[in-house]
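Visitor: just coords:
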DNA sequence: TCCACGGCCCATATTA
DNA sequence: TAATATGGGC
DNA sequence: GTGGA
């Protein structure tokens, strides 16, 4: 249920504490990352940092895009005439960086804030600028939690079209060390994983340690991850490439846009708050975020991928006037404001919000006092705890909750007699906490009981129970951010026909849910109607096997994935640890 | 020009 | 009353 | 809103 939130003692909610430590005082910051960095920049400046437009003699830090390449850095530094130091970034390549300037990812800013002091810059080096490993000891360092063994250098081209996993035997016991990535075994430095010999006992110990050090800071860029029954240190370039690949596929940023059409004025229309357009707009925003060059002319705008005709018009207007007429229109749009508020009530979607609006509801108090609206149970709860549910939960509190649940969970397992294979239990907070967020809006705890208990009737207190064999899928589902989840499944659906064919000659994709992964056949273009789910209706004869939405056929056999890495591997993707499963937003 | 844009479970409303 | 459709959360 | 078929 909804966690009860108490207002933080003392400081009134919403009013930022007046006397926050000036973490960044003395820092002169250059932001190369023109992404969704407004909040980061603002916070850094609030806390004493001075922003500079470009690298200067007194610059202390450059905040870089996490996927910055050495080449991009060199381009941006062209014109720098001060003293430099040379950094070898692997593959014989090197880059000259200004002396005395630290290059860090945005995480350095966001994670230093809760710590009230500046974290060591070297732990936040963009992988592309990390020195090449000097010795084979790098893997050991990585396992020990040090950073900086990135594989910099190599271009982040997406030329690597699907290298299919050529074999797919599953790691069973003894040979559970070879599966690195889906990438071909080449001369390329395979720095992205290193197996760590952890026992399951140490696993919990490590978890506790990590928790204590980690409560405010979140996971470090390089960390130990559980993969099925083994633990691996994960870092670096391969996961980033996978993230880029999925981003490009999901947002279609791999194709260039066309000319902007003549249509210049925007119809003011009643704006829709949600719906499929949001994907298109996300796409446009992603295109802009990823565009690492200044936009100065209309021609520049035309070069940005992911922008369609309508988005281009809007961006060009902003370029010319500094703002979009749509912004003022939206601000003045009474209906929009009301709908936005109503949508914040848990249990309320666009349909209910619009219906209420048409019935005259304008405020939450209206909603409370109306008796003719037949709110659902969820909506009543959402309304009652409206303020509570808006509060965020600090990371430390999520950790406490996790601890309590975990202790209780193990007590129950003992009571149920599941001690023989207790180490195969999974009981950890997932969701935004697992992804390292400093605060969460809810606490998601995934419990997967060990095989010896999977038959037991111990479901009473849970709404859903995951069998041991479904753990990797549950983990994958709950560990992903929403957009990453969708992108992964879209990729599985439509991007890996070849791999699916190996499972079933008729297949052209996979369907991934929170419990399994199955081959499917999707007809190329589905004309007409989308059929309701559940089938039934006798009129047109169903195909034999399970027919899902719109003619998609579910095939066999299901893909056996003993751990989460296998899911990625079967999709031809390098494993991405949870804290990297974002396309943007660093907070 | 038409289509899809994740996948699935639950609660409630509507229809047969 | 059962089957189906719709709205919603995650 | 957008790109693919």
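Guide: All right, it came through fine. These numbers were taken from a predicted model, which means no experiment stands behind them.
Visitor: Might you report the residue contacts of the nearest residue to residue A:370 once chain neighbours are set aside?
Guide: Nearest residue to residue A:370, sequence neighbours excluded (C-beta to C-beta, 6 or more residues apart in numbering): residue A:361, at 6.6 Å. Using the backbone N, CA and C atoms, a C-beta is placed for each residue, glycine as well. Contacts here follow C-beta atoms under 8 Å, 6 or more residues apart in numbering; on that basis residue A:361 touches A:338, A:342, A:367, A:370, A:373.
Visitor: Can you turn the buried part of these into a PyMOL selection?
Guide: The following PyMOL line selects those of the contacts of residue A:361 that are buried, judged by 16 or more other C-beta atoms under 10 Å:
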select buried, chain A and resi 338+342+367
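Visitor: can you tell me how far the nearest residue to residue A:522 once chain neighbours are set aside sits from residue A:509?
Guide: Spatially, and ignoring its direct neighbours in sequence, residue A:522 is nearest to residue A:552 (5.0 Å; C-beta to C-beta, 6+ apart). Going from residue A:552 to residue A:509 by C-beta to C-beta, to the nearest Å gives 9 Å.
Visitor: Equivalent analysis for residue A:92, please.
Guide: Per C-beta to C-beta, residue A:92 is found 40 Å from residue A:509.
Visitor: These two: which is more packed in?
Guide: Between residue A:92 and residue A:509, residue A:509 has the larger neighbour count (other C-beta atoms under 10 Å), namely 24 against 8.
Visitor: for chain A, which helix is longest?
Guide: helix A:395-415 (DSSP state H).
Visitor: tell me what it is packed against?
Guide: helix A:200-214, strand A:426-429, helix A:431-434, strand A:439-440, strand A:445-448 (3 or more C-beta pairs under 8 Å, 6 or more residues apart in numbering; DSSP states H and E).
Visitor: please redo it, this time with the cut-off set to 6 Å
Guide: strand A:426-429 (3 or more C-beta pairs under 6 Å, 6 or more residues apart in numbering; DSSP states H and E).
Visitor: Next one: the strand it packs on, is it in contact with DNA strand C?
Guide: No. Contact of strand A:426-429 with DNA strand C (C-beta under 7 Å from any atom of the strand) is absent, the minimum separation being 12.6 Å.
Visitor: who does that strand pair up with?
Guide: Strand pairing for strand A:426-429, determined by DSSP bridges: strand A:445-448 (antiparallel).
Visitor: Is residue A:124 in contact with residue A:106, as I believe?
Guide: No. Contact between residue A:124 and residue A:106 fails when scored by C-beta atoms under 6 Å: they sit 8.6 Å apart.
Visitor: picking that back up, now, among the contacts of residue A:361, which is nearest to residue A:128?
Guide: Nearest to residue A:128 out of the contacts of residue A:361 is residue A:342 (C-beta to C-beta; 44.9 Å).
Visitor: Where does that closest one fall, secondary structure wise?
Guide: helix A:334-343 (DSSP states H and E).
Visitor: Which secondary structure elements does that helix sit against?
Guide: Helix A:334-343 packs on helix A:350-358, going by 3+ C-beta pairs under 6 Å, 6+ apart.
Visitor: what about 8 Å?
Guide: By 3+ C-beta pairs under 8 Å, 6+ apart, helix A:334-343 packs against helix A:350-358, helix A:364-369.
Visitor: deepest of those, which one?
Guide: helix A:350-358 (a mean of 15; mean count of other C-beta atoms under 10 Å).
Visitor: and that helix with helix A:334-343, angle?
Guide: 130 degrees (axes from the mean of the first three to the mean of the last three C-alpha atoms, to 10 degrees).
Visitor: Quick one: mean pLDDT over helix A:350-358.
Guide: The average pLDDT for helix A:350-358 rounds to 89.
Visitor: Could you do stretch A:514-529 as well?
Guide: pLDDT averaged over stretch A:514-529 gives 73.
Visitor: Could you verify my assumption that the residue nearest to residue A:522 touches residue A:523?
Guide: Yes. Counting by C-beta atoms under 8 Å, residue A:552 touches residue A:523, with 7.4 Å between them.
Visitor: Could you check which of these two is surrounded by more residues?
Guide: Neighbour count, other C-beta under 10 Å: between residue A:552 and residue A:523, residue A:552 has more, with 19 against 11.
Visitor: who touches the more buried one in this structure?
Guide: Neighbour list for residue A:552: A:511, A:520-523 [criterion: C-beta under 8 Å, 6+ apart].
Visitor: Make a ChimeraX selection of the buried ones in those residues.
Guide: To isolate in ChimeraX the members of the contacts of residue A:552 that are buried, counting by 16+ other C-beta under 10 Å, one can use:
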select /A:511,520,521,522
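Visitor: Looking at the contacts of residue A:552, which is nearest residue A:303?
Guide: The closest of the contacts of residue A:552, once distances to residue A:303 are taken by C-beta to C-beta, is residue A:522, at 33.2 Å.
Visitor: can you pull the contacts of the closest one?
Guide: A:493-494, A:508-509, A:551-552.
Visitor: Kindly recompute the last result at 7 Å.
Guide: A:493, A:508-509, A:552 (C-beta atoms under 7 Å, 6 or more residues apart in numbering).
Visitor: what about residue A:247, how many residues close to it?
Guide: The burial count for residue A:247: 22, using other C-beta under 10 Å.
Visitor: pLDDT at it, what is it?
Guide: At residue A:247, pLDDT is 82.
Visitor: Next up, phi/psi of it, please.
Guide: Residue A:247 has phi and psi values of phi -60, psi -50 when expressed as degrees, to the nearest 10.
Visitor: and the residue of chain A nearest DNA strand D?
Guide: At 2.0 Å from DNA strand D, residue A:308 is the closest residue in chain A, using C-beta to the nearest atom of the strand.
Visitor: before we move on, back to that, minimum distance to DNA strand C: which of the helices and strands packed on helix A:334-343 has it?
Guide: helix A:350-358 (2.7 Å).
Visitor: close to DNA strand C, is the closest one?
Guide: Yes. Judged by C-beta under 7 Å from any atom of the strand, helix A:350-358 comes into contact with DNA strand C at A:350-353.
Visitor: re the thing from before, okay, and the residue nearest to residue A:370 sits in which element?
Guide: Per DSSP H and E, there is no helix or strand for residue A:361.
Visitor: Repeat that for residue A:301.
Guide: Going by DSSP H and E, residue A:301 is part of helix A:298-303.
Visitor: swap in residue A:95?
Guide: Per DSSP H and E: residue A:95 is located in strand A:93-98.
Visitor: now residue A:366, nearest residue through space, not along the chain?
Guide: Using C-beta to C-beta, 6+ apart, the closest residue to residue A:366 is residue A:360 (7.4 Å).
Visitor: Now for that neighbour, how many residues are close by?
Guide: Counted with other C-beta under 10 Å, the neighbours of residue A:360 add up to 8.
Visitor: Kindly provide the distance from it to residue A:333.
Guide: Residue A:360 is 17 Å from residue A:333, where distance means C-beta to C-beta.
Visitor: out of the contacts of residue A:552, who's nearest DNA strand B?
Guide: For the contacts of residue A:552, the nearest to DNA strand B is residue A:511 (4.3 Å; C-beta to the nearest atom of the strand).
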